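Participant: Here is a sequence together with a model predicted from it:
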Amino acid sequence: MSPAFPVVRFTALTTALVGLGYLLLKTTAANAANEEALYQKLSPGDRKRVDEARALRVTQEAEIRRKVFAKEPLNPDDYKPKPAWADDVSRKQ
């Protein structure tokens, strides 16, 4: 006969592991600074690189928005499913 599953031991080890993870999260998150504080600690060269990256991201997002919204609204009649035999005869020639 095989031994029963060690429920108590499994529960204790699982609780200990989750507790350790929670403790690690709280100790590291409490010491983490917000974005603005981290930005202020950067050297001037690094700040310049961050500013350039932010500006590049803003221009790329604006370009994507311009391309997406510049398209004409879709005509729903063009996308209605049609049977193959209902195709325009002039396109087959």
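Facilitator: The structure has been received and is ready for your questions.
Participant: pLDDT of the top helix by length along the chain, averaged?
Facilitator: With DSSP state H setting the assignment, residue counts place helix 44-70 as the longest helix in the chain. Averaging pLDDT along helix 44-70 yields 91.
Participant: How about stretch 13-31?
Facilitator: 90.
Participant: So which bits of that stretch are buried?
Facilitator: For stretch 13-31, burial by neighbour count (16 or more other CB atoms under 10 Å) applies to no residue. Bear in mind the C-beta positions are built from the backbone N, C-alpha and C, glycine included.
Participant: Just checking the distance from it to the centre of its chain.
Facilitator: Its chain's C-alpha centre lies 25 Å from the corresponding centre of stretch 13-31 when counted by CA atoms, centre = their mean, to the nearest Å.
Participant: so which helix or strand takes in residue 17?
Facilitator: Per DSSP states H and E: residue 17 is located in helix 7-31.
Participant: chain center to that helix, what's the gap?
Facilitator: Relative to the centre of its chain, helix 7-31 is centred 27 Å away, using CA atoms, centre = their mean.
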